[in-house]
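1. My questions concern the predicted model and sequence given below.
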Amino acid sequence: MEKIRRIFYSILAFIFSGCFSARIPADSFSIVNWNVQTFFDGNNDGTEYSNFKKSQSWGTEAYKKRLEKLCAAINSINADVFVFEEIENAGILYDISNFLASKSWNSKENWRYGAFSKNPGDSIGCAVLSKFPLSEITIHNLDIRTENSAQPSMRPLIKLNILFNGRNFCLFVNHWKSKSGGTEESEVWRNWQEKVLTEKFLERTETPVIACGDFNRDIMEFKKIYVAGSENENAENIELRLFSVNSEAENVGAAVKSPWLNKTGELEEPGSYYFNENWERIDHFFANDRIALENFEVLTEGEWCGENLIPKPYKIYTGEGFSDHLPIKCIVSAK
């Protein structure tokens with residue numbers, strides 16, 4: 001099989017002005033992942049989804065109202081690091097940071113660092129907003145020409161370091177291919193994306209590594225390696241796969257921890273995405289054996305959550321709602 005050609009594009013990244021001096025917990029920090037559902041600004045750049053371009057309800061004022069609601073949610077959650085999927089551009093991160101700073105009496109608690117990336121011509125990308133310094137930001141794209149069908153547009157894997165208590169934590173941000181067009185038809189592309197992430201975990205066995213994002217793949221669709229009777233809350237329970245044609249290589253994946261499965265192998269409730277009257281767990285944290293993931297929770301106590309804990313999707317014509325995904329949160333510490 002032809003090897004993956006990785007294309008490294010320069011990432012649009014930025015550091016917010018000012019020196020970081022926020023009070024840091026002794027040995028852990030909190031991280032939230034949230035797909036915020038097609039978060040476009042008020043400008044028409046031509047790459048927006050058609051429902052935004054056609055809508056008479058969308059524009060600068062609608063964007064400002066949506067921005068204010070998101071910032072209120074960020075303040076109420078008050079994590080140290082936020083990872084967002086479906087952000088249109090880096091300017092939105094600047095708007096978030098400036099809005100939060102304008103509403104805070106304590107500048108030391110502001111999220112001063114950020115990074116954003118999307119491929120040229122794409123509508124949406126992924127973003128990181130952090131109270132801690134970010135560094136060594138790179139993106140990793142796929143260029144696959146060995147499949148029977150042409151490769152669709154896929155979002156890149158973002159790699160960066162979070163400097164916490166003098167130590168770098170490696171973070172991989174993911175937004176995998178959706179199942180639109182058919183689950184089976186699109187599965188091959190998620191397999192390729194899993195292969196790349198697996199390789200990145202295997203390259204950093206001595207470093208604390210965490211991956212998060214919207215994987216468009218339920219936790220039950222991953223390869224489970226849970227051992228019944230394990231008393232270790234942070235034991236590895238998922239094997240990220242290489243999907244190689246080499247039968248020997250297929251047995252060498254990356255063992256990681258997913259907090260969706262507790263130590264008895266049961267699923268945490270509820271899921272993060274509600275589709276066809278069923279809960280799905282497609283938003284994830286994965287960590288290697290250098291990281292402990294504690295206090296995992298699906299955040300359901302906020303205006304973004306509706307009846308029966310179901311997320312309130314954003315409605316462009318009314319301006320109501322937040323996102324069709326719920327945010328998920330973990331406390332992270334190095335082992």
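-> Alright, I've got the coordinates. Numbers count the residues shown, from 1 in each chain.
2. Tell me how far stretch 327-335 lies from the chain's centre.
-> 13 Å (Cα atoms, centre = their mean, to the nearest Å).
3. Also stretch 297-309?
-> Worked out by Cα atoms, centre = their mean, stretch 297-309 lies 18 Å from the chain centre.
4. What residues does the residue most central in space within the chain make contact with?
-> By Cα atoms, centre = their mean, the chain has its centre lying nearest to residue 213, at 2.3 Å. Shown in contact with residue 213 (Cβ atoms under 8 Å, 6 or more residues apart in numbering): 33, 83, 85, 126, 172-176, 283-284. In this view, the C-beta of every residue, glycine as well, is placed from N, C-alpha and C.
5. Give me the nearest residue to it, chain neighbours excluded.
-> Of all residues beyond its chain neighbours, the one nearest residue 213 is residue 174 (3.3 Å), with distances taken as Cβ to Cβ, 6 or more residues apart in numbering.
6. State the pLDDT value of the one you found.
-> Residue 174 is assigned 98 on the pLDDT scale.
7. so where's this structure uncertain?
-> Across the chain, the ranges flagged by pLDDT under 70 are 1-26, 103-109, 226-234, 245-251.
8. Secondary structure element holding residue 284?
-> Taking DSSP states H and E as the definition, residue 284 sits inside strand 283-287.
9. elements contacting that strand?
-> In terms of contacts (3 or more Cβ pairs under 8 Å, 6 or more residues apart in numbering; DSSP states H and E), strand 283-287 is packed against strand 29-39, strand 209-214, strand 291-298, strand 328-334.
10. Could you pull out the strands in the stretch 101-250 of the chain for me?
-> Under the criterion DSSP state E, counting those that start in this stretch, the stretch 101-250 of the chain contains strands at 113-117, 125-130, 134-140, 157-164, 167-175, 209-214, 223-224, 238-240.
11. TSV please, covering those and showing distance to residue 47.
-> TSV is the format used below for these (distance: least, Cβ to Cβ, whole Å):
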stretch	distance to residue 47
strand 113-117	15
strand 125-130	11
strand 134-140	18
strand 157-164	19
strand 167-175	16
strand 209-214	19
strand 223-224	36
strand 238-240	31
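12. Nearest to residue 273 among those would be which one?
-> Judged by Cβ to Cβ, the one of the strands of the stretch 101-250 of the chain that comes nearest to residue 273 is strand 209-214, at 8.3 Å.
13. Can you check what angle separates that closest one from strand 157-164?
-> Calculated by axes from the mean of the first three to the mean of the last three Cα atoms, to 10 degrees, strand 209-214 forms an angle of 130 degrees with strand 157-164.
14. Quick check: phi and psi at residue 93.
-> Backbone torsions of residue 93, given as degrees, to the nearest 10, read phi -60, psi -40.
15. which ones are touching it?
-> With contacts defined as Cβ under 8 Å, 6+ apart, the neighbours of residue 93 are 14, 87, 114, 116, 127, 129.
16. Write the PyMOL selection for whichever of those residues are buried.
-> A single PyMOL command selects the buried members of the contacts of residue 93 (16 or more other Cβ atoms under 10 Å):
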select buried, resi 14+87+114+116+127+129
